[in-house]
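**Q** all I have is the shape, not the residue letters:
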């Protein structure tokens, strides 16, 4: 279980995250929604140990975040961050060989198994520049899965893709479910949350206003959602 308690973070004296608390259960997909500037990406970067925080507590199975191995927290960045000069196979095997001291033969086998699973085995010798946006996304995901993270995070996984591909991304996310892994996805795309989320967080102005099941968040009667969350939904649907 991944647990956050009373998390606060400021950047240049501006409070970005305000008293954030939640738990992420293994096997669940949680989608974080909210307007631009609400703190969504900062929250994700803080959980990934890419940003320090001012106060509060973050634990993975009762282990403080600072003691959690980096390999246990995987993040797929919005721009995929693949090494353009390396082949797809090299992109996948570099970190496991260097950071986990995995034998090259083992790393190659593991990488090829993942590429096969996601329909990319024929791209092992290609470089990222020769792949489509959807293929790059799957490669980035495979690279993260090579490290066997307990928490898998994605930042705007549909941002570089055509709108009609949202369903494909949601189906792909469903294949990544594991009883040993929590998934946290930051997105502006409500349809993605409707298709693949178990839980939905809604953030605004650095505050976690809603932590609801997908059914409760998208309930048309708005019985449990916050007023700002309901307004966000209404504005989105009115586009």
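**A** The structure has been received and is ready for your questions. Bear in mind the structure is a predicted one, so any value in this text is a computation, not a measurement.
**Q** okay, now the unreliable bits of this protein?
**A** By pLDDT under 70, the weakly predicted segments of the chain are 160-163, 238-239.
**Q** please enumerate the helices of it.
**A** All helices of the chain, identified by DSSP state H, fall at 40-47, 88-99, 104-117, 133-145, 166-175, 190-196, 214-217, 227-237.
**Q** adding mean neighbour count, write these out as CSV.
**A** To be clear about C-beta, it is placed using only N, CA and C from the backbone, and glycine gets the same treatment. As requested, those are exported to CSV (neighbours: other Cβ atoms under 10 Å):
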stretch, mean neighbour count
helix 40-47, 22
helix 88-99, 19
helix 104-117, 16
helix 133-145, 21
helix 166-175, 16
helix 190-196, 20
helix 214-217, 17
helix 227-237, 15
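**Q** can I get those in JSON lines with distance to residue 75?
**A** Formatted as JSON lines, the helices of the chain follow (distance: least, Cβ to Cβ, whole Å):
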{"stretch": "helix 40-47", "distance to residue 75": "7"}
{"stretch": "helix 88-99", "distance to residue 75": "12"}
{"stretch": "helix 104-117", "distance to residue 75": "17"}
{"stretch": "helix 133-145", "distance to residue 75": "7"}
{"stretch": "helix 166-175", "distance to residue 75": "15"}
{"stretch": "helix 190-196", "distance to residue 75": "17"}
{"stretch": "helix 214-217", "distance to residue 75": "23"}
{"stretch": "helix 227-237", "distance to residue 75": "25"}
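**Q** distance of the spatially closest residue to residue 55 that is not a sequence neighbour from residue 206?
**A** Ranked by Cβ to Cβ, 6 or more residues apart in numbering and with sequence neighbours excluded, the top spatial neighbour of residue 55 is residue 8, at 4.7 Å. Residue 8 is 9 Å from residue 206, where distance means Cβ to Cβ, to the nearest Å.
**Q** what does residue 230 give?
**A** Distance, residue 230 to residue 206, by Cβ to Cβ: 19 Å.
**Q** residue contacts, residue 11?
**A** residue 42 (Cβ atoms under 8 Å, 6 or more residues apart in numbering).
**Q** what bridges to it?
**A** Per DSSP bridges, the residues bridged to residue 11 are residue 14.
**Q** list the residues that contact both of residue 8 and residue 206?
**A** By the contact definition Cβ under 8 Å, 6+ apart, residue 8 and residue 206 are jointly contacted by 15, 17, 18, 20.
**Q** quick one: which of residue 8 and residue 206 has more around it?
**A** It is residue 206, of residue 8 and residue 206, that has more neighbours when counted by other Cβ atoms under 10 Å, with 22 against 15.
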